[in-house]
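Chemist: based on what follows, work out the 3D shape:
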Amino acid sequence: MKIPALTILTTVISRPTPTRIVCDAGWKSMGQHPALPEPLDVGDVKSLTLSAEHATIQRTAPRPIPGVGDYVEFVAGYADSTVFLHDHIYGFRNGRLEVIWPILGRGKTE
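Modeler: Here you go, the predicted structure:
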C-alpha cells in the first residue's frame, strides 16, 4: 500500500446528485498545476473540477457515501503548489497528530 506524503482533508458540503460530490476546498487550498489532486476512497472518478473554494467530483456510478459532513481526503497533485497555500502542515503518524509545522514563508512575498 502506498502512503502519500501530502494529503488535504476536506468536508463534503453537498451531494446534488447520486454521482456528484462537492467538497469545501478548491484551488485556493489544493494546487492544481501541474497535476490535479486525487480524491481517495470515493469510487471510480469520472472527472474532478476545482473552483476557487470547491472541488466537484463526478463519479461514474451512484454511491451513497460519502455523505454531507463526511470527509474526503485528496492526495496533493503537486506538493509545492499546495504547501504555500497553507499556514501550517499537520504531521500524523499511525492516525495520531504528531507535529504541527508552521510554513514560515507564508505571506512573506514583497
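
Chemist: excluding its backbone neighbours, what's nearest residue 15?
Modeler: If the residues on either side of it in the chain are set aside, residue 15 comes closest to residue 68, at 5.8 Å by C-beta to C-beta, 6 or more residues apart in numbering. For the C-beta atoms, the positions are set from N, CA and C on the backbone; glycine is no exception.

Chemist: contacts only, for that neighbour.
Modeler: Each residue near residue 68 by C-beta atoms under 8 Å, 6 or more residues apart in numbering is listed here: 12, 13, 14, 15.

Chemist: quick one: buried residues of the helix or strand encompassing the first one?
Modeler: In the assignment (DSSP states H and E), residue 12 maps to strand 7-17. Of the residues in strand 7-17, those with enough neighbours to count as buried (16 or more other C-beta atoms under 10 Å) are 7, 8, 10, 12, 15.

Chemist: which is the next helix or strand following the helix or strand bottoming out on mean pLDDT in the chain?
Modeler: Taking mean pLDDT, DSSP states H and E as the measure, helix 80-83 is the helix or strand of the chain with the lowest mean score, a mean of 90. Next helix or strand after helix 80-83 toward the C-terminus (DSSP H and E): strand 88-93.
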